[in-house]
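[1] For reference, the sequence and a predicted model appear below.
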Amino acid sequence: MCGIIGYKGGKKSSAILLEGIKNLEYRGYDSVGIATIYDGKIELKKDVGRVDEVNKKLNFLELNGFIGIGHTRWSTHGKPSKENAHPHISNDYSIAVVHNGIIENYNELRKELENEGFKFKSETDTEVIPLLIEKYNKKNDFEKAVIKALRRLEGSFAVIIINKDIDKLIAARRFSPLMLGVGKDEFFIASDSTAFIKHTNDIVFMEDDEMVIIDDGFKIVNITDNKIIDKKIEHNRINYYSAEKGNYRHFMLKEIHEQPRVVENTINYFIKNNSLLHNYKNFNRILIVACGTSYYAGLIGKFLIESIVRIPVEVDYSSEFRYKDPIINNTDLVIAISQSGETADTIAAAKEAKNKKAKLIAICNVFGSSLTRMADTTLYTQAGTEIGVASTKAFTSQLAVLYLFSLHLAKINKLMNEKEINKKIKLMKKLPLQMKKILSNNKIKEISEKNFLSNNSVFLGRGVNYPVALEGALKLKEISYIHAEGSPAAELKHGHIALIEKDMPVVVIAVKDKTYYKIKSNIEEIKSRGGKIISIVNEEDEEIENISDEVIEVPETDLLLYPFLTVIPMQLIAYYTGLCRNCDIDKPRNLAKSVTVE
Ligand code: AGP
């Protein structure tokens, strides 16, 4: 999952490229580099480290020229190092390339090129690309040489290429995202529009096996048959404000605190644009595919839809779904949930569903992303740009979409009348204020600092709150690197309870629902084995408070709406624990915001 950007226009390209890789840094941050063309030469600066670090050392703005490429890396082949950083250069130093994806046949290509005398400086798969182009660029038809080289590649790529002797940008994609920003006498090409959204909202979305040649205009051809493709310029309707941290120390904390507004916006957006929910009738099963936090939103979606609409829902990890030759009928509705819309496994699962003739809905947060361009309908979460690698506001916005979609299905299937639906929406509209109340609870910071000192923890919940326990465990793992097990509370006795030792923190969601007294017994079982109990409870619940070491209160709400409230303490526990362990909150080790490789 790397971020790539190219620029050609009247501005100093290094300034645009530096700003662009900064905005793309959430996609990967092992190493960075920029190459420009100036005075008939390629100028290159790259090194291992974050954008700001490397820029301080190398000063990217010293690079001159009006055309260039930039890259921020999440390593797949070859450790983070200066040699493995992109851009990669041909042996004759005429061609520079940045790449996002995996070239699956790079070993064979490398051997072929080495046998022909080409020299490799890195361990990456990417380096075969500039060398292949150099090999084919003998008759000075550069576009042809690029196409010939691209046709040799197997696997996934989004590449941007420059040649010191040609005043053009060339870019192409297969299975990795790439979009063209069309400005006034200037062009941008990048992994996603956050790289250039401050300069233009006019976008051409590249599809697989398309190559764009940018000079004073742009031309798009198909890599396989070289035919010119006519593409329309789309206007990006979602206002991706350039995300700033404002008064917050980290994007994650800012985005946790944005959730009341995001949930409110999402509710209002879909009530105003009710037609977006469409008339989904005549299907008798729903399949949900997603990864990570979006998968946990899908598990909660299962509870919502099955409780409200009484239609069976299956939830699958995208990576499992795509390889199991799933049984899908054309009477199935598939919902793919993805914040980024670029998660490789979820895109592949969605493709599998489409191939088997299922109707496909995307629940997604990024306008025009690959997943939205495959779906029959996209229900856009109204979370705005989510920069923190840990998904927070996108998660609660996904829940809001799933809840409203469930109510809509209940309406068109005549399971609820207008009055009943309005009653549910009235309760839902109370959530933003209730979320704000939990966010203002300063005890959560102190509880986190005091209790998460061991390297293990357990998160428990039942019913619609059990996926929240899984999400809480993931958040703690992602942000503080503490091992955390999430589990349905009843499962404790089937193995997890062996983990419990003195002072081990156990977070239990114990709100007043039909399993309240069962959860209370689970708490007693843990307590008797020395575990430290942090309970998420309804206000003034003394019964649980008396058997817990710490309690975090949440207001009462409809049983199915609790996840909006119980997830907030989980997010804050992960944040404050990560903070006191000096972890890199917005860019946790080994992670990237969008997993665009398998
Ligand atoms: C969530 O905090 C993680 N960053 C990760 O699990 C994420 O939810 C997962 O990679 C799916 O991403 P998507 O929603 O963009 O498809």
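    Received the coordinates, thanks.
[2] roughly how far apart are the closest residue to Ile166 other than its chain neighbours and the ligand?
    Using C-beta to C-beta, 6 or more residues apart in numbering and skipping the chain neighbours, the partner closest in space to Ile166 is Phe142 (5.5 Å). To be clear about C-beta, it is placed using only N, CA and C from the backbone, and glycine gets the same treatment. As judged by C-beta to the nearest ligand atom, to the nearest Å, Phe142 and the ligand stand 36 Å apart.
[3] mind listing what Phe142 touches?
    By C-beta atoms under 8 Å, 6 or more residues apart in numbering, Phe142 lies in contact with 133, 163, 166, 168, 170.
[4] closest to Ile327 among the residues you listed?
    Ile170 (42.9 Å; C-beta to C-beta).
[5] Can you classify the nearest residue to the closest one once chain neighbours are set aside by secondary structure?
    Ranked by C-beta to C-beta, 6+ apart and with sequence neighbours excluded, the top spatial neighbour of Ile170 is Ile161, at 4.6 Å. Of the three states, Ile161 takes strand according to DSSP: H, G, I helix; E, B strand; the rest coil.
[6] Run a quick neighbour tally on Ile161.
    27 (other C-beta atoms under 10 Å).
[7] That one pairs with what?
    Val97, Ile170 (DSSP bridges).
[8] How much space separates it from Arg27?
    Ile161 sits 19 Å away from Arg27, going by C-beta to C-beta, to the nearest Å.
[9] which parts of the chain sit against the ligand?
    Proximity of the chain to the ligand (C-beta under 6 Å from any ligand atom) is limited to residues 291-294, 338-340, 343, 346, 389-391, 478, 594-595.
[10] Most neighbours among those residues, which one?
    Ser338 (33 neighbours).
[11] Looks like that one contacts Gly292 (just checking).
    No. If you go by C-beta atoms under 8 Å, Ser338 and Gly292 don't touch, sitting 9.5 Å apart.
[12] Quick one: mean pLDDT over the one helix or strand Thr372 maps to.
    Under the criterion of DSSP states H and E, Thr372 resides in helix 370-374. Mean pLDDT, helix 370-374: 92.
[13] buried set for it?
    370-372, 374 (16 or more other C-beta atoms under 10 Å).
[14] which ones are touching the residue in the stretch 251-400 of the chain positioned nearest to the ligand?
    The nearest approach of the stretch 251-400 of the chain to the ligand comes at Gly292, 1.9 Å away (C-beta to the nearest ligand atom). Gly292 sits next to 391, 474, 595 when contact means C-beta under 8 Å, 6+ apart.
[15] What are the phi and psi values at the first one?
    So that's Ser391. phi -80, psi 130 (degrees, to the nearest 10).
[16] likewise the last one?
    When quoted as degrees, to the nearest 10, the phi and psi of Val595 stand at phi -90, psi 90.
[17] got CSV for the buried residues of helix 370-374, with distance to His250 too?
    Converted to CSV, the buried residues of helix 370-374 look like this (distance: C-beta to C-beta, whole Å):
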residue, distance to His250
Ser370, 28
Leu371, 27
Thr372, 28
Met374, 33
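[18] Out of the contacts of Gly292, the closest to Ile67 would be?
    Val595 (30.6 Å).
[19] State the mean pLDDT of the one helix or strand Ala145 maps to.
    Assessed by DSSP H and E, Ala145 sits inside helix 142-152. Confidence for helix 142-152, expressed as mean pLDDT, is 97.
[20] centre of the chain versus it, how much separation?
    31 Å (C-alpha atoms, centre = their mean, to the nearest Å).
[21] Now for the residue in the chain sticking out farthest from the centre: which residues touch it?
    Here the chain reaches farthest from its C-alpha mean at Lys139, the gap being 42.4 Å by C-alpha atoms, centre = their mean. The contact partners of Lys139, taken as C-beta under 8 Å, 6+ apart, are Ala145.
[22] Would you mind giving the secondary structure of it?
    Classified using three-state DSSP, Lys139 is coil.
[23] Same check on His99?
    On the basis of three-state DSSP, His99 is classed as strand.
[24] so what secondary structure elements neighbour the helix or strand of the chain with the lowest mean pLDDT?
    Within the chain, no helix or strand scores below strand 234-235, which has a mean of 86 by mean pLDDT, DSSP states H and E. Counting contacts by 3 or more C-beta pairs under 8 Å, 6 or more residues apart in numbering; DSSP states H and E, strand 234-235 is packed against strand 202-205.
[25] Toward the C-terminus, what is the element adjacent to the strand it packs on?
    Counting by DSSP H and E, what follows strand 202-205 is strand 210-214.
[26] which helices and strands does that following strand pack with?
    Short answer (3+ C-beta pairs under 8 Å, 6+ apart): strand 210-214 packs on helix 142-152, strand 166-174, strand 187-190, strand 218-222.
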